[in-house]
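Novice: With the input below, show me the fold.
(one chain, ligands or ions: 1)
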Amino acid sequence: MTARAVEGQGEEESGWQLFIRTEGKCGACGGSLAKGFINGVMLDKYANWEFPAWGNVLARDEDKRELKRASTFLCDACVDLRKLGRGPPIKWAVEIYREDEVYKLRYHPVEGLEAADPITEEDLHTPEGRQASE
Ligand SMILES: [Zn+2]
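Specialist: Numbers count the residues shown, from 1 in each chain. The predicted model follows:
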């Protein structure tokens, strides 16, 4: 299962968005992220790095768990194809790290990452999940 968050276009972009546009690539096709939306996609794989990972926005107390989940960025074309069930498989998860005061991106092959436990409705704060925890 994947969940999706979208970084918008139109409003003035943050330094992070510009960084990802310049340095990033699509985690499925390897294409440019210079145009369109920067689609953040959460993966059901564990990240063996710190950032970015699933945050507590998408999954309850995810940041307190011992293992963090990986994510990646996809281009609009791949997101559109995936909605139709025809998208290329996601090949790379992304890590952002700092070296000599400079932020850098590192891509990790998804097939080399450990599969994560399933995310539950409760984790995602959905109405179904809230009912289950009450
Ligand atoms: Zn793509």
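
Novice: Correct me if wrong: Asn39 contacts Val79.
Specialist: Yes: with contact defined as Cβ atoms under 8 Å, Asn39 counts as touching Val79 (5.0 Å). Using the backbone N, CA and C atoms, a C-beta is placed for each residue, glycine as well.

Novice: These two: which is more packed in?
Specialist: Each of Asn39 and Val79 has its neighbours counted (other Cβ atoms under 10 Å); Asn39 has more, 21 against 18.

Novice: Which of the three states applies to that one?
Specialist: strand (DSSP: H, G, I helix; E, B strand; the rest coil).

Novice: got it, and Trp16?
Specialist: Looking at Trp16 with three-state DSSP, the answer is helix.

Novice: Test for you: state the pLDDT assigned to it.
Specialist: pLDDT for Trp16: 83.

Novice: could you pull out the strands for the chain?
Specialist: Along the chain, the segments classed as strands by DSSP state E run 4-7, 38-47, 68-74, 92-99, 102-109.

Novice: Buried deepest among those strands, which one?
Specialist: Counting by mean count of other Cβ atoms under 10 Å, strand 68-74 has the highest mean neighbour count of the strands of the chain, with a mean of 24.

Novice: which residues touch that strand?
Specialist: 20, 24, 26-28, 33, 38-47, 49-50, 52-54, 59, 62, 82, 90, 92-94, 108, 110, 113, 116 (Cβ atoms under 8 Å, 6 or more residues apart in numbering).

Novice: Just list the residues touching Ser32, thanks.
Specialist: Lys25, Cys26, Cys75.

Novice: wait, doesn't the second one sit right on Leu81?
Specialist: No: contact status for Cys26 versus Leu81: not in contact, 11.1 Å apart, counting by Cβ under 8 Å.

Novice: between those two, which one's more packed in?
Specialist: Neighbours were counted for Cys26 and for Leu81 using other Cβ under 10 Å; Cys26 has more, 23 against 16.
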